[in-house]
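> curious how this folds, go ahead:
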Amino acid sequence: MFHALDYGVLAGYFGVCAFVGWWTGRGQKDSAEYFKGGGQMPVWAVCLSILASEMSALTFCSVPGMSYTGNFTYFQFVLGNFFGRLLVAFLFIPAFYTAGITSVYEFLGLRFGPLTRGTASLLFFVTRILASGVRVTAAAIAVKAATGWPFPACVIGFTAVTVLYTVYGGIKSIIWTDVLQFFLFFGGAAFALALILGDVGGSGLQQAIADSPTRKLQVVDPTWTFYDPPYTLLTSIFGGVVFTFATHGTDQDLVQRMLTCRGSRQGSQSVILSGLISLPTVLLFLFIGTCLYAFYLHHPDLRSALPTDPVDGAVRQDWIFPHFIVHQLPSGIRGLVMAAVFAAAMSTTASAIGALALVAMVDGIRRFSRRPPDERRDLALSRVMSATVSGLLIVVALVFERVSKSLLNEGLAVMTYAYGALLGVFCLGRLTRSRGSDRWNVIAMLLSVVTVVAVKIWTPIAWPWFTVIGFAMTFALGAFFPGPRPTEAAI
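Numbers count the residues shown, from 1 in each chain. So this is what the prediction gives:
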């Protein structure tokens, strides 16, 4: 468990985050600056912010657990993600900048009308609350492993710390703390890997890989199936590309960062660069899992103490790396690496809070308010909404506490329920010039969501295909009906 030195390291980290959040967020005068950072954020900072947000505590905890129990086939999916980013960069980002929007769902309002915009923003809000709640759960698991505190206290305490700088500073605070958190996230993982390798040694790692019942370093899984496992080559080529096209192109959480750059070219560069950097980052965490497998193979007495599932007794893969950090690293170093876990989790939580608050304000309160615009009032309301959605995330995280499967799969699968519908209607707006009725788009999106949920419940199809199914259904149904020609701002 933690000692005084570990708590001191964490306190120092929280203090730096609070200072960065205050320093970068000071002097804001209106909600536009609060949500878009004045449109002056540098490409490299936005790139690292995208990475820090999408990686999250799920990457820190679950990816090593996946390679501990399996192999490197998840990397196929990451490669597919990169090509999905290219589609976002060249198809969506230029259109969003041309439209001059704050919320990406405003684009749908310009292209189709208020019903499409309202439905899309509501689908995002519900889906993002669920997916981000899973990520808070993963972070709280790490906190509980380190401190021994009750799980509800970990959820509330962790979220409250994140809220402190998010509510005050808005997107600028989020991006600059993300930059700090990315370096700590990557550095903490690299440091832990060095310590594991120092114990196991090269020969021990080679022997463990050779003796494993699974092919530990296998990257390509050529299995021709639409079912589990979810990271086959076929699924990654189609599901990975479409999934990332949806998450990075229609999710306000990530697009919000790209819209803080000076122009569309810089926004596109940020998402492409983030894809390139994500490749070695994910490989690092996959390799950590393989090294942990070698470590516990050589220390069977320590392996027996790993947390197990109360139902089937199997090792809980999401707990393997946090358990190692807490029980095997020396004091001080333990606090530093746990700070990296906090960095990953806080980045994702902060970005979700910011995006959800923006959608609630721009696509909700501001749309239906009859009061004249007041920038000071809007800024205050934006901060209130940030605090409100934080409370919702806490509730969802508590509900997900007893999830026994991989939290990585759960967190990603939750996002697929509506993201196919969102991608379908956005592509309808960009790839067609006179198709897509405002009213029928809503019907197409809702039917898509219902279909995806039914597929999840009644079939064994792997979760990455959910987005593909939802996208194809929404686009096909929407394209069947004529609609308004796009305005100049929506071209």
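> tell me, what residue is most central in this protein?
When the chain is reduced to its mean C-alpha position, the nearest residue by Cα atoms, centre = their mean turns out to be E54, at 3.5 Å.
> which residues sit in contact with that one?
The neighbours of E54, taking Cβ atoms under 8 Å, 6 or more residues apart in numbering as the test, are 247, 254, 274, 278, 348. Glycine gets a C-beta too; all of them are placed from N, C-alpha and C.
> tell me how far it lies from T214.
27 Å (Cβ to Cβ, to the nearest Å).
> repeat for L302
Distance check for L302 against T214: by Cβ to Cβ, it reads 21 Å.
> before we move on, back to that, so which bits of the one helix or strand the residue nearest to the centre of the chain maps to are buried?
Here E54, judged by DSSP states H and E, is contained in helix 43-69. When burial is assessed from 16 or more other Cβ atoms under 10 Å, helix 43-69 yields the following buried residues: 43, 45-68.
> can you check stretch 288-301 too?
288-298.
> any idea which of the residues you listed is closest to Q181?
Ranking those by separation from Q181, with Cβ to Cβ as the measure, puts I288 on top at 18.2 Å.
> tell me the pLDDT of the closest one.
The score at I288 is 93. That number is its pLDDT.
> residue contacts, it?
With contacts defined as Cβ under 8 Å, 6+ apart, I288 is in contact with 63-64, 67, 189, 192-193, 196, 321.
> how far away is it from D6?
The gap separating I288 from D6 is 20 Å, by Cβ to Cβ.
> what helix or strand is the residue of the chain most remote from its centre on?
Farthest-out residue of the chain from its mean C-alpha position, per Cα atoms, centre = their mean: S203, at 36.2 Å. S203 belongs to helix 151-211 when assigned by DSSP H and E.
> compute the inter-axis angle for that helix and helix 43-69.
What separates the directions of helix 151-211 and helix 43-69 is an angle of 70 degrees, with axes from the mean of the first three to the mean of the last three Cα atoms, to 10 degrees.
> can you give me the helices in the stretch 201-350 of the chain?
If DSSP state H, counting those that start in this stretch is used as the criterion, the helices of the stretch 201-350 of the chain fall at 233-235, 241-250, 252-258, 264-298, 300-303, 320-328, 333-360.
> what helices or strands is the second one leaning on?
Spelled out, that is helix 241-250. Secondary structure elements in contact with helix 241-250, counted by 3 or more Cβ pairs under 8 Å, 6 or more residues apart in numbering; DSSP states H and E, are helix 74-87, helix 252-258, helix 407-431, helix 464-479.
> what does it contact?
Residues from elsewhere that reach helix 241-250, judged by Cβ under 8 Å, 6+ apart: 50, 54, 80-85, 87-88, 91-92, 104, 120, 124, 254-255, 271, 412, 415-416, 419-420, 422-423, 426, 464, 467-468, 471.
> for L422, which non-adjacent residue is closest in space?
Ranked by Cβ to Cβ, 6 or more residues apart in numbering and with sequence neighbours excluded, the top spatial neighbour of L422 is T250, at 4.1 Å.
> flag the shaky bits of the stretch 201-350 of the chain, pLDDT-wise.
Counting by pLDDT under 70, the ranges of the stretch 201-350 of the chain that qualify are 310-313, 344-345.
> pLDDT at G27, what is it?
pLDDT at G27 comes out at 67.
> and the one 5 residues further on, by the same measure?
Looking at A32, its pLDDT stands at 66.
> specify which member of the contacts of I288 is nearest to S434.
Taking Cβ to Cβ as the measure, S434 lies nearest V63 of those, at 44.3 Å.
> doesn't G289 make contact with the closest one?
Yes: counting by Cβ atoms under 8 Å, V63 does reach G289; the two are 6.7 Å apart.
> neighbours of the residue nearest to L422, how many?
T250 has 28 neighbours, counted by other Cβ atoms under 10 Å.
> same question for G201.
12.
> ok, S434 next?
9.
> so how far is A95 from L122?
Remark: distance between L122 and A95 (Cβ to Cβ) = 22 Å.
> hang on, Y13 is in a strand, isn't it?
No: Y13 is assigned helix when assessed by DSSP: H, G, I helix; E, B strand; the rest coil, not a strand.
> from A343, how far off is it?
From Y13 over to A343 the distance is 8 Å, taken as Cβ to Cβ.
> the two: who's more crowded?
Ranked by neighbour count (other Cβ under 10 Å), Y13 and A343 place A343 first, with 27 against 21.
> so where's the stretch 51-200 of the chain shaky on pLDDT?
When the per-residue scores of the stretch 51-200 of the chain are filtered using pLDDT under 70, the ranges that remain are 56-58, 142, 145-147, 167-169.
> between helix 241-250 and the host helix or strand of V134, find me the angle.
Counting by DSSP H and E, the element that carries V134 is helix 114-147. An angle of 100 degrees separates the directions of helix 114-147 and helix 241-250 when computed by the same axes, to 10 degrees.
> buried residues in helix 114-147, which are they?
Of the residues in helix 114-147, those buried (16+ other Cβ under 10 Å) are 115-125, 127-147.
> just to revisit the earlier point, how about CSV for the helices and strands packed on helix 241-250, with distance to T166 added?
CSV is the format used below for the helices and strands packed on helix 241-250 (distance: least, Cβ to Cβ, whole Å):
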stretch, distance to T166
helix 74-87, 25
helix 252-258, 13
helix 407-431, 20
helix 464-479, 28
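> and the helices of the stretch 201-350 of the chain: which comes nearest R111?
Distance to R111, taken as Cβ to Cβ, is lowest for helix 241-250 among the helices of the stretch 201-350 of the chain, at 13.0 Å.
> quick check: angle from the closest one to helix 264-298?
Relative orientation of helix 241-250 with respect to helix 264-298: 130 degrees, computed using the same axes, to 10 degrees.
> ok, the nearest residue to Q317 once chain neighbours are set aside to D199 distance?
Sequence neighbours aside, G65 is the residue nearest to Q317 in space, at 3.0 Å (criterion: Cβ to Cβ, 6+ apart). Distance of G65 to D199, computed by Cβ to Cβ: 19 Å.
> with S62 instead?
If you go by Cβ to Cβ, the gap between S62 and D199 works out to 23 Å.
> A472 now?
49 Å.
> in stretch 89-106, what's buried?
Taking 16+ other Cβ under 10 Å as the criterion, stretch 89-106 shows 89, 91-97, 99, 101-106 as buried.
> which of those fall within helices?
Secondary structure assignment (DSSP state H) places 93-97, 99, 104-106 from the buried residues of stretch 89-106 within helices.
> now for those residues, which pair is the farthest apart?
Maximum pairwise distance among those (Cβ to Cβ): 17.6 Å, between P94 and Y105.
> V220 touches F72, doesn't it?
No: with contact taken as Cβ under 8 Å, V220 and F72 are classed as non-touching, separated by 9.0 Å.
> with neighbour numbers in mind, choose between these two.
When V220 and F72 are compared for neighbours, F72 comes out ahead with 23 against 13, by other Cβ under 10 Å.
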